[in-house]
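Enquirer: Would you be able to build a 3D model of this:
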Amino acid sequence: AQASASSGACDASPKRSMSPSPVAGERVPDLAPGALVSVGGIVCEITQPLGMGSFGVVWAGDAGSDLGEVAVKEIICRSQQELDRAEYEAALLMGLTGRGLRAPSFVAAELVPSAGEAGCKTMRLAMTRVLGEP
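Expert: Next up, the predicted model:
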């Protein structure tokens with residue numbers, strides 16, 4: 001399924017590979033050290049910020065003994081084009097997973113309402129954390 005076209009810049013529906021947004025009115029937790037967040041049903045404890053870019057923030061998180069350390073990327077989607085890019089990034093990450101590359105593996109993705117930005121969405125994308133090399 002593809003994101004639905006709509007007149008609102010941020011009114012797209014999630015793709016099948018993404019978990020649905022929380023129920024209307026449900027509070028979406030802010031990401032900060034110590035916060036517990038569920039991304040596509042995977043619960044992570046946020047430990048520290050890793051970096052920030054033009055589309056959002058990447059956080060380190062602990063997903064427990066099964067998955068260990070993960071990176072959780074928040075991509076703020078203020079337009080349909082930005083949402084399309086975020087969904088493409090998730091799909092690309094899924095396609096690269098398991099190919100033996102030195103790249104993060106897809107763990108989960110979820111669209112959530114953007115805090116303070118009515119009608120817009122935030123893509124939360126969880127992936128395995130790959131440490132950089134000096």
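
Enquirer: Okay, now the sheet partners of the strand ranked longest in the chain, with direction.
Expert: Across the chain, the longest stretch assigned as strand under DSSP state E is strand 42-52. As defined by DSSP bridges, the strand partners of strand 42-52 come to strand 36-39 (antiparallel), strand 56-62 (antiparallel).

Enquirer: May I see those strands arranged in TSV, with distance to R129, mean pLDDT and mean neighbour count as well?
Expert: From N, CA and C alone the C-beta is placed, and that goes for glycine too. TSV is the format used below for these (distance: least, C-beta to C-beta, whole Å; pLDDT from 0 to 100; neighbours: other C-beta atoms under 10 Å):
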stretch	distance to R129	mean pLDDT	mean neighbour count
strand 36-39	14	90	18
strand 56-62	6	89	20
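
Enquirer: Out of the ones you listed, which is closest to V107?
Expert: Relative to V107, the nearest member of these by C-beta to C-beta is strand 36-39, separated by 7.4 Å.

Enquirer: Show me the contact partners of that closest one.
Expert: 19, 29, 31, 43-46, 61, 72, 107-110, 124-126 (C-beta atoms under 8 Å, 6 or more residues apart in numbering).

Enquirer: circling back to that earlier point, to G98, which of the strands paired with strand 42-52 lies closest?
Expert: Closest approach to G98 among those (C-beta to C-beta): strand 36-39, 19.3 Å.

Enquirer: and the closest one, how far from the chain's centre?
Expert: Strand 36-39 sits 10 Å away from the centroid of its parent chain (C-alpha atoms, centre = their mean, to the nearest Å).

Enquirer: biggest helix in this structure by residues?
Expert: Looking across the chain with DSSP state H, the single longest helix is helix 80-96.

Enquirer: can you pull the buried residues of that helix?
Expert: Q80, E82, L83, A86, E87, E89, A90, L93 (16 or more other C-beta atoms under 10 Å).

Enquirer: What's the first helix or strand after it?
Expert: Next in sequence after helix 80-96, counting helices and strands by DSSP states H and E, comes strand 106-113.

Enquirer: quick one: contacts of the one helix or strand in the chain whose mean pLDDT sits lowest?
Expert: Sorting the helices and strands of the chain by mean pLDDT, DSSP states H and E puts helix 64-67 at the bottom, at a mean of 84. Applying C-beta under 8 Å, 6+ apart, the contact partners of helix 64-67 are I42, V43, V107, T128.
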